[in-house]
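Chemist: got a sequence here, can you build the structure:
(chains A and B)
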Amino acid sequence: MPDLKKTFYVTTPIYYVNDIPHIGHAYSTVGADALARFKRMDGYDVFFLTGTDEHGQKIAKTAADEGLEPKQLADRVVERFKEAWAKLGITYDRFIRTTDEDHRKAAQAFFKKVMDAGFIYKADYEGWYCLPDEKFLLDSEVIDGPGGTKTCPDCGRKVERIKEENYFFKMSAFQKQLEKHLEDNPDFLQPASRKNELVNNFIKPGLADVSITRSTVKWGIPAPVPESTVIYVWFDALVNYLTALGWPDGENYKKFWPADVHIIGKDILRFHTTIWPTALMAAGIPLPKKVFGTGYINKDGKKMSKSLGNTVDPFELAATYSPDAVRYYLLREIAFGLDGNYTDDAFQLRFNGDLANDLGNLVSRSLTMLEKYFEGMVPKPGPQGELENQLAAIAKSYASKARTAMEHLEFHTTLIQAWELVKRANKYIEETSPWKVAKEGYGGKEKLATILFSLMEALRVTALSIAPFLPFTASAIWSQLGYSDDIHSHSLKETEEWGKIPVGQKIAKGQPLFPRIEKENKK
RNA sequence: GGCGGGGUAGCUCAGUUGGUUAGAGCAACGGUCUCAUAAUCCGUAGGUCGGCGGUUCGAAUCCGCCCCCCGCUACCA
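Modeler: Numbering: from 1, shown residues only, chains lettered A, B, ... in the order given. Sure thing, here's the model as predicted:
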């Protein structure tokens, strides 16, 4: 029987193994994970792909510098990525490596398919070449030397003008088609502000054909041509999105392609909105629905760099505080798609304000009262009053608002929506003052039961709401509420079903979820 | 240089197709409660909406000029 469940395919960039995982990688990956988790909870069959890009001259050189084979270097760095993602609770379905056997086959098949379609031709590639470094340089990279010569930006030595016979992809043939696609699909490229950059700088001036083989590079996938040459890394790397689904005839390919969204960094937006769509057109494969470019994260307003020594290690932060604190900061503080900023102060403010004071303390005070007044058993509530109705209304309105925001990958907006209930619940406690009800007895035990039941409901809905973003915290709240199953197998719909927590369920208060960061502990 | 984005309270930002005294969160200040992680909750203060000029009954919102910041500018990934 065909599976009628809606599907959702989300990808991260495949990260270049020249560098170990840093906050930029964490940012796009955490975003993709939150989206994947959200869609799963909203009833979609999700395929979430991440992985590494391992070919190219740079890797070969880095490996050689360390006395390693390229694959050895990659193996080592890949472990770092896998550990990092495990720490942050990333729920990918596959971790693809461009050195994987099925990817080698897919990349070659893709190349062949485009060639058979008549969009690959042989021609001379001419450019600057640095002999000692064995690398091609762009016109914009070479530096003017004495006497009209050009020199290498890395080693400072003289570069030469050389020609190499390469295979070219006839990207120019798809200019009109690409323009039309961008026009007909305004959501294809997001954020929209980047669209003008692309159209004005690349498409309007005319798409140039791009050379897609490298005979000087050895570390890569052999091109399916008579000559000994490897596929240019981009024409190799992008295909990973297909490989992972078993293209051309895997079940997952039929099920999940075209991708719903490629989440990438803004630095590679260009490749994803020129080479990738046109190559797919050439191969006769449907285009992904959306390409979303994220921004960079700065530290104290300045670009992070190792030489400046101002990098932020998200995995260290996760170890010091909690993985969810890092996820929360990345998703809440920074509007996905814009450049963001990290400061220790902002991190602490988010942590203490939103996580400790608002959320953690709400859980703490609510569960304490339930233990105190009802021996930790969820009581049978009395009739709902106006205040309870207001609380329930906010809870019920979350799902649809969240869906809208998540369509545009507005994680920070979604989290603000989830916090509406947290804030309202804290206020509800002040308004109803359950400790007074308990002490002075007005309204009776039934009134107290209504209040505590409502609070448990607010916590239940909150746990479900934050589950895609703060998965560890959601699980913790869930089990403290007395549930023994996995919250992550529950659905978004349940946030709309007020009154669902079982009467009589025994809660189990735990340690504070987010112990406040005190000033003196501030790093 | 070309193209694009932006300059709104101390900070980070919202402000729909121009319309009543320009909003939120945080920070600051004052107060309240005691269930709670000295948390919560209530209140106060704070802005010539980059500058100048124009259109309009009326502009943060439209037009022009100027100042400042930022992004992109093709085959390194």
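Chemist: flag every residue of the stretch 101-250 of chain A that's near RNA strand B.
Modeler: Within the stretch 101-250 of chain A, the positions lying close to RNA strand B (Cβ under 7 Å from any atom of the strand) are A:125, A:135-141, A:193, A:196-198, A:200-202, A:205-208, A:210-211, A:214, A:232-234, A:237. For every residue, glycine as well, the C-beta is placed using N, CA and C.
Chemist: do you know the pLDDT at residue A:143?
Modeler: In this model, residue A:143 is scored at 68, pLDDT.
Chemist: for residue A:148, same thing?
Modeler: Reported pLDDT for residue A:148: 66.
Chemist: which of the three states applies to residue A:509?
Modeler: Taking DSSP: H, G, I helix; E, B strand; the rest coil as the rule, one finds residue A:509 in the coil state.
Chemist: that one: how many residues sit nearby?
Modeler: 15 (other Cβ atoms under 10 Å).
Chemist: show me what contacts residue A:114?
Modeler: A:120, A:169, A:279, A:282-283 (Cβ atoms under 8 Å, 6 or more residues apart in numbering).
Chemist: which of those are buried? Put it as a ChimeraX command.
Modeler: Filtering the contacts of residue A:114 down to the buried ones (16 or more other Cβ atoms under 10 Å) takes a single ChimeraX command:
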select /A:120,169,279,282,283
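Chemist: all strands for the stretch 101-250 of chain A, in order.
Modeler: In the stretch 101-250 of chain A, the strands defined using DSSP state E, counting those that start in this stretch lie at A:120-130, A:135-137, A:143-144, A:150-151, A:160-169, A:189-190, A:210-211, A:213-214, A:230-231.
Chemist: ok, which of the ones you listed comes nearest residue A:489?
Modeler: strand A:189-190 (30.3 Å; Cβ to Cβ).
Chemist: quick one: mean pLDDT over that closest one.
Modeler: Per-residue pLDDT over strand A:189-190 has a mean of 86.
Chemist: please apply the same query to stretch A:303-312.
Modeler: 77.
Chemist: for RNA strand B, give me its nearest residue in the stretch 201-350 of chain A.
Modeler: residue A:233 (3.4 Å; Cβ to the nearest atom of the strand).
Chemist: counting neighbours, what do you get for that residue?
Modeler: 24.
Chemist: likewise for residue A:57?
Modeler: 18.
Chemist: wait, it sits on residue A:137?
Modeler: No - between residue A:57 and residue A:137 there is no contact under Cβ atoms under 8 Å: 11.2 Å.
Chemist: which intervals of chain A have sub-threshold pLDDT?
Modeler: Within chain A, the segments meeting pLDDT under 70 span A:1-4, A:131-135, A:138-148, A:153-156, A:519-523.
Chemist: which SS class is the residue of the stretch 351-500 of chain A found nearest RNA strand B?
Modeler: Proximity of the stretch 351-500 of chain A to RNA strand B (Cβ to the nearest atom of the strand) peaks at residue A:360, 1.7 Å away. Using three-state DSSP, the three-state assignment for residue A:360 comes out as helix.
Chemist: which residues touch the closest residue to residue A:294 other than its chain neighbours?
Modeler: Nearest-residue entry for residue A:294: residue A:28, 5.1 Å, with adjacent residues in sequence omitted and distances by Cβ to Cβ, 6 or more residues apart in numbering. Neighbour list for residue A:28: A:12-13, A:263-265, A:294 [criterion: Cβ under 8 Å, 6+ apart].
Chemist: and those residues, which of them are in strands?
Modeler: A:12-13, A:263-265, A:294 (DSSP state E).
Chemist: would you map the helices across the stretch 201-350 of chain A?
Modeler: Listed in chain order, the helices of the stretch 201-350 of chain A (DSSP state H, counting those that start in this stretch) span A:233-237, A:240-243, A:251-256, A:269-273, A:275-283, A:314-320, A:323-328, A:344-349.
Chemist: show me which residues of the stretch 251-400 of chain A sit near RNA strand B.
Modeler: Counting by Cβ under 7 Å from any atom of the strand, the stretch 251-400 of chain A sits next to RNA strand B at A:266-268, A:270, A:274, A:335, A:338-339, A:341, A:349, A:353, A:356-361, A:363-365, A:368-369, A:372.
Chemist: and those residues, which are buried?
Modeler: A:266, A:268, A:270, A:274, A:335, A:356, A:358-361, A:363-365, A:369.
Chemist: out of the residues you listed, which two sit at the greatest distance?
Modeler: Largest pairwise distance in those, by Cβ to Cβ, is 59.0 Å, between A:274 and A:369.
Chemist: tell me which of the strands of the stretch 101-250 of chain A sits nearest to residue A:61.
Modeler: Closest approach to residue A:61 among the strands of the stretch 101-250 of chain A is made by strand A:135-137 (8.0 Å; Cβ to Cβ).
Chemist: tell me how many other residues crowd the closest residue to residue A:297 other than its chain neighbours.
Modeler: Using Cβ to Cβ, 6+ apart and skipping the chain neighbours, the partner closest in space to residue A:297 is residue A:340 (4.8 Å). Using other Cβ under 10 Å, residue A:340 has 20 neighbouring residues.
Chemist: can I assume residue A:261 is in contact with residue A:290?
Modeler: Yes - assessed by Cβ under 8 Å, residue A:261 is found in contact with residue A:290 at 4.3 Å.
Chemist: for the helix or strand encompassing residue A:448, name the packing helices and strands.
Modeler: Element membership for residue A:448 (DSSP states H and E) is helix A:444-466. Applying 3 or more Cβ pairs under 8 Å, 6 or more residues apart in numbering; DSSP states H and E, one finds that helix A:444-466 contacts helix A:361-374, helix A:386-407, helix A:411-432, helix A:434-440, helix A:471-480.
Chemist: quick check, stretch A:51-64 touching RNA strand B?
Modeler: Yes - using Cβ under 7 Å from any atom of the strand, we find that stretch A:51-64 touches RNA strand B at A:53, A:56-58.
Chemist: in that stretch, what's buried?
Modeler: Buried, per 16+ other Cβ under 10 Å, within stretch A:51-64: A:51-63.
Chemist: could you do stretch A:85-93 as well?
Modeler: For stretch A:85-93, burial by neighbour count (16+ other Cβ under 10 Å) applies to A:85, A:87-92.
Chemist: now swap in stretch A:17-37 and tell me
Modeler: Here stretch A:17-37 shows A:17-18, A:21-37 as buried, counting by 16+ other Cβ under 10 Å.
Chemist: please apply the same query to stretch A:71-82.
Modeler: A:73-74, A:77-78, A:81-82.
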